[in-house]
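Undergrad: have a look; sequence and predicted model below, questions after that.
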Amino acid sequence: MRRIYTALWLGCLPLILGRLAWQALRNPAYRDRWRERLGCYRSLPRLDSPIWVHAVSVGEVGAAAPLIRELRERYPFRDILITTTTPTGAASVARQFGETVHHAYFPYDIPWAVSKFLRRFKPRMLLLIETELWPNVLHQCTQQHTPVVLVNGRMSERSARRYRYLGQLVHGMLAQLTMVAAQTLADAERLRHLGVPRSRLAVTGSLKFDVHLPASIFEEGAAIRRELGVSRPVLVAGSTREGEEIILLRAFRLLRHQFPDALLVVAPRHPERFEAVAELIRREGWHCLRRRDQTACGVATEVFLLDSMGELLRFYAAADVAFVGGSLMPLGGHNMLEPASLGVPVVTGPHVFNFLEISSKLVAVGALRIAADAPALVDTLAHWLANPDQRDDAGLAGRQMVAHNRGATVSVLELLANAGLQ
């Protein structure tokens, strides 16, 4: 099966490279270091048996950040190599860790690209964040006796159904994992049914609960709030995806009938969409200010486009209510723990299947409301804006829930030591 998979990969490689070129037209950052995806890492230093962490993009880098910081503390003699698939993931690594770690782009899952990567870096251990499972990477790591641990592992029922269609390929791949640190018991059970031996499974909780908040985050949030307007209601829609902005803008139009001075901050998930979202906002007739304009946000501004990277947490800290995207479309949602950890009540759409346990816990304490459709979204936002005491209670409950569930990082570190990390 793996040979058939590899043949399909090689057959599709021209299309994959064509797609990379198309992405580079929309976002020039995709042109940077593109040869690394084919296993060419000559511009990078040779490392001495680094700990290899693969985090596909921004969300996974954020989830892995507490663990990476602890790895630097516990294993100061080891280099840490972080691979990502997207330029935004690479930028997140640079922003959070600077020169204290090394970054490379993850090789395409074809034997010669993976082999060149492993020969170049000779990693001591590979940590795959969440559900990054690649048959040739796992096979070659096994051949070279490199332990592979799936960290913060999750497997939704929807993903599990898809993996079952691949049968022996998935079963053989998962059997090669040294250990799995699953987020929940349900994730662990789905992974076991797909082929991970029970003896290699542990439930450690979600690293996302160990979100790192800079000491200055509330001061920074207060400063941004002064820029946006202290007295006006501020809604921050973070990590929005294509198709969601139009729903949010039209819901916001209805909301402004009740709160005419309200401000909507829109933060698209992907920077290559900034221009398209700006055009959509203008087309819908809103007075829009962009972050890149670096001009004052006056009372005439109705929608603020956060077209920068690395600032979303600060804007969440400035919000009255946060909407977390990827949830109005069937995409599984994004990390609602970021605003919750800041004491900001959260709203999402109905599609949160990648965060079922986290969303359930937030709903249970009243910190999250899931809006089934656009009218429900308007009603939920209006309720919290009209009831500041309930809004504050919801925010406090979310913050306390996040604090209560911290600790996954420590559990994962113990598991890695047992798996042979020295």
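TA: Looks like it came in fine. Numbers count the residues shown, from 1 in each chain.

Undergrad: switch to C-alpha atoms for all contacts and neighbour counts from now on
TA: Will do.

Undergrad: and the residue nearest the centre of the chain, how close does it get to residue 207?
TA: Taking Cα atoms, centre = their mean, the centroid of the chain lies closest to residue 59, which sits 1.4 Å from it. Distance, residue 59 to residue 207, by Cα to Cα, to the nearest Å: 11 Å.

Undergrad: what do you get for residue 272?
TA: Residue 272 sits 28 Å away from residue 207, taking Cα to Cα as the criterion.

Undergrad: more crowded one of these two?
TA: Higher neighbour count among residue 272 and residue 207: residue 207, with 28 against 18, using other Cα atoms under 10 Å.

Undergrad: for the closest residue to that one other than its chain neighbours, which residues are in contact?
TA: In this structure, residue 207 finds its nearest non-sequential neighbour in residue 408, 5.3 Å apart by Cα to Cα, 6 or more residues apart in numbering. By Cα atoms under 8 Å, 6 or more residues apart in numbering, the residues touching residue 408 are 204, 205, 206, 207, 209, 210.

Undergrad: and if you look at residue 277?
TA: By Cα under 8 Å, 6+ apart, the contact set of residue 277 is 245, 268.

Undergrad: tell me where the protein has strands.
TA: In the chain, the strands defined using DSSP state E lie at 51-54, 80-84, 102-105, 125-129, 148-153, 179-182, 201-203, 234-240, 263-268, 288-290, 303-305, 321-324, 346-348, 368-370.

Undergrad: what pLDDT does residue 100 get?
TA: We have a pLDDT of 94 for residue 100.

Undergrad: how much space separates it from residue 69?
TA: Per Cα to Cα, residue 100 is found 10 Å from residue 69.

Undergrad: these two: which is more packed in?
TA: Looking at residue 100 and residue 69 with other Cα under 10 Å, you find the greater number of neighbours at residue 69, namely 16 against 13.

Undergrad: and that one, what's its pLDDT?
TA: 95.

Undergrad: from residue 158, how far off is it?
TA: Noted for residue 69: a distance of 32 Å to residue 158, by Cα to Cα.

Undergrad: likewise for residue 236?
TA: Relative to residue 158, residue 236 is positioned 29 Å away (Cα to Cα).

Undergrad: now residue 133
TA: Going from residue 133 to residue 158 by Cα to Cα gives 16 Å.

Undergrad: over to residue 98?
TA: The value you get for residue 98 to residue 158, if Cα to Cα is used, is 36 Å.

Undergrad: okay, now the domains of this protein?
TA: Per automatic domain parsing, the structural domains of the chain span 31-205+407-418, 217-404.

Undergrad: tabulate these (CSV), appending distance to residue 20.
TA: Output for the domains of the chain, formatted as CSV (distance: least, Cα to Cα, whole Å):
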stretch, distance to residue 20
domain 31-205+407-418, 8
domain 217-404, 13
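
Undergrad: out of those, the one nearest residue 8 is which?
TA: Of all the domains of the chain, domain 31-205+407-418 sits nearest to residue 8, with 9.9 Å by Cα to Cα.

Undergrad: which stretches in the stretch 51-200 of the chain count as helices?
TA: 58-74, 87-97, 111-121, 135-143, 157-164, 168-175, 185-194 (DSSP state H, counting those that start in this stretch).

Undergrad: out of those, nearest to residue 401?
TA: Here helix 58-74 is closest among those (Cα to Cα), at 17.3 Å.

Undergrad: could I get that closest one in CSV with only the CA atoms?
TA: Extracted C-alpha coordinates of helix 58-74, given in CSV (Å, rounded to 0.1, in the frame of the first residue of the first chain):
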residue,chain,number,x,y,z
VAL,A,58,0.2,28.7,13.1
GLY,A,59,-2.3,26.9,15.2
GLU,A,60,0.0,23.9,15.8
VAL,A,61,3.0,26.1,16.5
GLY,A,62,0.9,27.9,19.1
ALA,A,63,-0.2,24.6,20.6
ALA,A,64,3.3,23.3,20.7
ALA,A,65,4.8,26.5,22.1
PRO,A,66,4.6,25.6,25.8
LEU,A,67,6.2,22.2,25.2
ILE,A,68,9.0,23.7,23.0
ARG,A,69,9.8,26.2,25.8
GLU,A,70,10.0,23.4,28.3
LEU,A,71,12.2,21.3,26.0
ARG,A,72,14.6,24.1,25.7
GLU,A,73,14.8,24.3,29.5
ARG,A,74,15.1,20.6,30.1
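
Undergrad: touching that helix from outside, list them.
TA: So helix 58-74 is in contact with 55, 78, 80, 88-89, 92-93, 96, 129-130, 207-208, 210-212, 334-335, 409, 413, going by Cα under 8 Å, 6+ apart.

Undergrad: what does stretch 377-391 contact?
TA: 233, 251-252, 254-255, 258, 320-321, 345, 347, 349, 369, 371.

Undergrad: out of those residues, grab the one that's most surrounded.
TA: residue 345 (32 neighbours).
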